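Q: structure for the following, please:
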Amino acid sequence: MTATPAPTTAAAVANAFLDLQNADPSKGSFPAIDQMKLHKLVYYAQAWWVAHTGTPLFEEDIKAWPWGPVVGELYGHFRSAGRHPIQEQRATVVTKTGESWLDYTYSEPPPPPANVMNFLKQIWETHKTFSGVGLSNATHAKGEPWTIVKDLHSDDLSDKPLIPLELIREVFKAKINASRAT
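A: Predicted coordinates:
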């Protein structure tokens, strides 16, 4: 990967998907975003972005949780929704505001840049009709990064191992190349 800074954060990507759902004119004709669906949308955004650009969309790590890839920093923002659709929750970021160790604020991150939002709209349109369980099942297919990492950890995901970004890029770049070959 390159030293180019990522254009956005995982929190901004998560909030963007919630906004895209709320603005979608066909809202109600597809499964609402719950925790599982949101985590998988964020994962797929990172995966397809890094496959197309060679650089990360966001800096946060993706780990192999028992139900698929998850950005751990996002879990706390949405866990209160349980298995229900996410209603009012938003992801936030912590910002240092002064010199004291107490000088921090929590706020929503700025929205992703326009080019990233256009990309996220494409991811949304491709994946919105799937439930969280459906997207999770897709991440568990043979040859997927989650499955490769899971197999390396002998089915024990209690430590939630890292899914290397290079592995994600390699697998999704191969999908791009395969689709171009047909």
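
Q: which SSE is immediately downstream of the worst-scoring helix or strand of the chain on mean pLDDT?
A: Within the chain, confidence by mean pLDDT, DSSP states H and E is lowest for strand 93-96 among all helices and strands, at a mean of 84. Moving toward the C-terminus from strand 93-96, the next helix or strand (DSSP states H and E) is strand 104-107.

Q: low-confidence ranges, this structure, go.
A: Filtered on pLDDT under 70, the chain yields the residue ranges 1-3, 154-157.

Q: cutoff 80 now
A: For the chain, the stretches with pLDDT under 80 are 1-4, 153-158, 182.

Q: the residue positioned nearest the centre of the chain and residue 88, how far apart?
A: Nearest to the geometric centre of the chain sits residue 42, at 1.6 Å (CA atoms, centre = their mean). Using CB to CB, to the nearest Å, we find residue 42 at a distance of 19 Å from residue 88. Placement of C-beta: from N, CA and C, glycine included.

Q: for residue 129, which non-adjacent residue is closest in space?
A: Spatially, and ignoring its direct neighbours in sequence, residue 129 is nearest to residue 30 (4.8 Å; CB to CB, 6 or more residues apart in numbering).

Q: report the contact partners of that neighbour.
A: Taking CB atoms under 8 Å, 6 or more residues apart in numbering, we find residue 30 in contact with 24, 128, 129.

Q: of these, select the buried ones using a ChimeraX command.
A: To isolate the buried ones among the contacts of residue 30 in ChimeraX, judged by 16 or more other CB atoms under 10 Å, type:
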select :128
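
Q: nearest to residue 59, of the contacts of residue 30?
A: Closest approach between the contacts of residue 30 and residue 59, by CB to CB: residue 128, at 25.7 Å.

Q: thanks a lot, see you next time.
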